[in-house]
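# Everything below, folded, please.
(one chain, ligands or ions: 1)
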Amino acid sequence: MLRADDLVFAYPGQTRPYRFTLEAEPGVVTAISGASGSGKSTLLDLLAGFILPTSGSLSLDGVGLLPLPPETRPVSLLLQADNLFEHLSAEDNAALGLPRGTSRDEGRQKVAAALSEVGLAGFEAKPTSTLSGGQKQRVALARTLLRNRPVLLLDEPFSALDDETRKTTRDLVGELTRRHGWHTILVSHHADDIAALAGRHYRIIDGGLERV
Ligand SMILES: Nc1ncnc2c1ncn2[C@@H]1O[C@H](COP(=O)(O)OP(=O)(O)OP(=O)(O)O)[C@@H](O)[C@H]1O
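Presented below is the predicted three-dimensional model:
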């Protein structure tokens with residue numbers, strides 16, 4: 001279980017701080033909605049460790065995460081777009097998720113298996129700049145598979161996709177979350193994505209999280 005307990009944070013000059021409390025289970029997509037500017041990205045930044053709360057606690061399965069810098073948190077982050085290096089191939093982008101020290105052959109095999117799991121078998125050598133928006137998000141998910149971190153933060157990951165692609169990409173996120181036991185936190189203001197995918201839903205209201 002991922003638990004945030006009264007994480008308190010304020011930007012300079014902000015009079016009333018955010019106070020975030022949530023629980024996210026493994027294998028379940030937990031959705032976060034809220035008006036524009038309500039603090040959704042701020043919450044993800046706190047979970048990822050890009051900003052630090054002034055008080056509160058954050059733990060995964062009882063282990064405190066706040067002392068960990070972003071690079072060692074058990075967390076992957078996927079944004080709406082621009083998750084990949086355009087000048088690299090699909091294979092090279094996905095391979096960025098491999099642990100350091102992975103041998104060339106083992107890396108190749110693992111990348112091929114991850115690309116196949118996201119429905120991109122045979123796309124290894126494709127330059128990223130030639131892929132569609134949905135295919136790019138799949139490559140980013142393959143990289144997430146290889147990073148093998150139990151928390152996945154998604155910031156409006158389907159917003160740049162057409163309707164059909166958003167449905168298949170969203171199904172894939174649901175499937176991967178269940179299969180790998182990820183604690184997936186989905187920031188979205190699309191009610192249909194939340195209805196289709198989320199097992200738990202919080203809304204940010206007045207700087208806090210309310211269970212919907
Ligand atoms: N670095 C910063 N310094 C000061 N204020 C900030 C900073 N980043 C965000 N804010 C402010 O904090 C509030 C919450 O921003 P945040 O980006 O978390 O909202 P959001 O819910 O993700 O918005 P949107 O849906 O528009 O992306 C906004 O009022 C924003 O202007």
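
# State the number of residues packed around residue 26.
Here the neighbour count serves as a burial measure; for residue 26 (other Cβ atoms under 10 Å) it reads 17. In short, each C-beta sits where N, CA and C put it, glycine included.

# now do residue 17
By the criterion of other Cβ under 10 Å, residue 17 has 16 neighbours.

# Can you pull the residues of this structure lying near the ligand?
Residues of the chain lying close to the ligand (Cβ under 6 Å from any ligand atom) are 11, 34, 36-42.

# Restricted to helices, list those residues.
In helices, defined here by DSSP state H, the members of these are 40-42.

# Could I get these in a markdown table, plus columns for pLDDT and distance to residue 89?
Rendered in a markdown table, the data for these read as follows (pLDDT from 0 to 100; distance: Cβ to Cβ, whole Å):
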| residue | pLDDT | distance to residue 89 |
| --- | --- | --- |
| 40 | 95 | 33 |
| 41 | 94 | 30 |
| 42 | 96 | 34 |
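
# could the residues you listed be laid out in a markdown table, adding distance to residue 26 and neighbour count?
Written out in a markdown table, the entries for those read as follows (distance: Cβ to Cβ, whole Å; neighbours: other Cβ atoms under 10 Å):
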| residue | distance to residue 26 | neighbour count |
| --- | --- | --- |
| 40 | 22 | 21 |
| 41 | 24 | 16 |
| 42 | 24 | 20 |
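
# just to revisit the earlier point, for residue 112, state which of the residues of the chain next to the ligand is nearest.
Minimum distance to residue 112 across those is 33.8 Å, recorded for residue 41 (Cβ to Cβ).

# Identify the residue nearest that closest one in space, chain neighbours excluded?
residue 155 (6.2 Å; Cβ to Cβ, 6 or more residues apart in numbering).

# Which helix or which strand is home to the residue most central in space within the chain?
The structure's the chain has its C-alpha centroid closest to residue 153; by Cα atoms, centre = their mean the separation is 2.4 Å. Secondary structure from DSSP states H and E places residue 153 in strand 151-155.

# Now for residue 81, how many residues are close by?
Residue 81 is surrounded by 15 other residues when neighbours are defined as other Cβ under 10 Å.

# Now do it against the ligand, distance only.
14 Å (Cβ to the nearest ligand atom, to the nearest Å).

# can I assume residue 20 sits in a helix?
No - Residue 20 sits outside any helix when classified using DSSP: H, G, I helix; E, B strand; the rest coil, being strand.

# Would you mind measuring from the nearest residue to it once chain neighbours are set aside to residue 64?
Computed as Cβ to Cβ, 6+ apart, the closest residue to residue 20 that is not its neighbour in sequence is residue 7, at 4.5 Å. Counting by Cβ to Cβ, to the nearest Å, the gap from residue 7 to residue 64 is 12 Å.

# ok so, going back, and the residue nearest to residue 20, how many neighbours does it have?
For residue 7, the neighbour count with other Cβ under 10 Å is 24.

# likewise residue 28?
Residue 28, neighbours per other Cβ under 10 Å, totals 17.

# That's all I had, so thanks and see you.
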